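1. coords below, sequence missing:
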């Protein structure tokens, strides 16, 4: 749970545009609260706008987290030299007990029992 909160906080602060979106969202909420208190804005309208803002925030935040995780994953693969590597031919290895393991890129994928 704490990991999710940390990822969300990092996603919100990752770029200047995202930080600006956060400030604007907070300002809109403050203006809405002031409109309810001082200008007698209907409560149903305040609730509708607030729910729409929260829904937009959730959608954007999930999108940003996925983008950040995908870019981190791609950066890690490029560092290891795996991003542009073609899958190798499938090979099979016979173990001592007679079972065969099919491998692609030297990683065991499935076991065949003959």
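-> Yep, it's here. Quick caveat: nothing in here was measured; it's all calculated off a predicted structure.
2. by contact count, what packs against the helix or strand containing residue 70?
-> Following DSSP states H and E, one finds residue 70 within helix 43-80. Here helix 43-80 touches helix 2-13, helix 16-38, going by 3 or more Cβ pairs under 8 Å, 6 or more residues apart in numbering; DSSP states H and E. For every residue, glycine as well, the C-beta is placed using N, CA and C.
3. touching, residue 22 and residue 12? I think so.
-> Yes - between residue 22 and residue 12 there is a contact under Cβ atoms under 8 Å: 5.6 Å.
4. the more surrounded of those two?
-> More crowded of residue 22 and residue 12, by other Cβ atoms under 10 Å: residue 12, with 18 against 13.
5. isn't the more buried one right up against residue 61?
-> Yes - contact criterion Cβ under 8 Å: residue 12 and residue 61 qualify, at 7.0 Å.
6. of the helices and strands packed on helix 43-80, which is nearest residue 57?
-> helix 16-38 (6.4 Å; Cβ to Cβ).
7. how much space separates the most centrally placed residue in the chain from residue 73?
-> Closest residue to the average C-alpha location of the chain: residue 66 at 2.1 Å, with Cα atoms, centre = their mean. The gap separating residue 66 from residue 73 is 10 Å, by Cβ to Cβ, to the nearest Å.
8. low-confidence stretches in the protein?
-> Applying pLDDT under 70 to the chain picks out residues 79-95, 100-114.
9. now residue 65. Nearest residue, chain neighbours left out?
-> Leaving aside its sequence neighbours, residue 65 sits nearest to residue 11 (Cβ to Cβ, 6 or more residues apart in numbering; 4.8 Å).
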